[in-house]
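K.L.:
Next comes the sequence, and after it the predicted model I'd like to discuss.
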Amino acid sequence: PNIGRTTSPGRDLQPIGGTLAMMMAISPLASDAAAVGIGAVCGALSRHHIGKAATERIASDPARLSHLTGWHTAGINVLGSFVLGGVFGSPVIGGPDFPKVATTAAASSGPKPGPPSFGLTPRAKLMMGVGFCGSFTTFSTFSVDVVNMLAKGEATKAVGYVLTNNVGGVIAAAAGMALVRKIMGC
């Protein structure tokens, strides 16, 4: 049988048996999925290690630091909002919105705006935005933290936590966008 083989040299691959590598080569969806997956693994591991380090630090001196339990999630969410703001504030390069600009003298009748020279490709934005930031930040843990604070009668702490996550996140996202746009000159 001819399962998983090419038809002949120089011709397109025929995925009769199908392999991940062949699908990646022919499917933008598979490439997008790989980008999101890589970003997600990095974001989730980053969140895990920051949470682990914070928990270990609090456990090393609970008399002095126990009031900080759970607040690392707010810090992660605000930092993730800043990064996501920067990702979305960055110009898109190399995407379908920026076709190649003709450079021959005959084709140009004066300077034409071309694509920005610095920025992120659409797939890099997908990897960093949806993948990394999507798994680095966490609304579900934030929600459980608030419920737990309220259950312990810590309403003031819960309100401060909600404000830190929400208002802090919005301010951080705006700051990330503004910083990247200033650096990139957008």
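P.N.:
That came through fine. For clarity, every value in this text was computed on a predicted model and none was experimentally measured.

K.L.:
Please count neighbours and contacts with C-alpha atoms only from this point.
P.N.:
Noted.

K.L.:
Give me the phi and psi for residue 70.
P.N.:
Reported as degrees, to the nearest 10, the phi and psi values for residue 70 are phi 90, psi -20.

K.L.:
For this structure, which helix extends over the most residues?
P.N.:
helix 28-60 (DSSP state H).

K.L.:
which element follows it toward the C-terminus?
P.N.:
Using DSSP states H and E, the helix or strand that follows helix 28-60 in sequence is helix 62-65.

K.L.:
tell me the angle the helix or strand following that following helix makes with helix 28-60.
P.N.:
Using DSSP H and E, the helix or strand that follows helix 62-65 towards the C-terminus is helix 71-89. Interaxial angle, helix 71-89 versus helix 28-60 (axes from the mean of the first three to the mean of the last three Cα atoms, to 10 degrees): 150 degrees.

K.L.:
Could you give the average pLDDT over helix 71-89?
P.N.:
Averaged over helix 71-89, pLDDT sits at 96.

K.L.:
I'd like to check what contacts that helix. Which residues are they?
P.N.:
Contact with helix 71-89 is made by 47, 50-51, 54, 120, 125, 128-129, 133, 136-138, 141-142, 161, 164-165, 168-170, 172-181, as judged by Cα atoms under 8 Å, 6 or more residues apart in numbering.

K.L.:
ok so, going back, go through the longest helix of the chain and flag the buried ones.
P.N.:
By neighbour count with 16 or more other Cα atoms under 10 Å, helix 28-60 contains the buried residues 30, 32-37, 39-40, 42-44, 46-47, 50-51, 54-55, 58.

K.L.:
Listing request: residues of the chain with sub-threshold pLDDT.
P.N.:
For the chain, the stretches with pLDDT under 70 are 1-26, 95-117.

K.L.:
switch the cut-off to 50
P.N.:
For the chain, the stretches with pLDDT under 50 are 1-17, 97-108.

K.L.:
OK, contacts around the nearest residue to residue 126 once chain neighbours are set aside?
P.N.:
Leaving aside its chain neighbours, residue 126 sits nearest to residue 36 (6.3 Å; criterion: Cα to Cα, 6 or more residues apart in numbering). Contact analysis of residue 36 by Cα under 8 Å, 6+ apart lists 126, 127, 128, 130, 131, 132.
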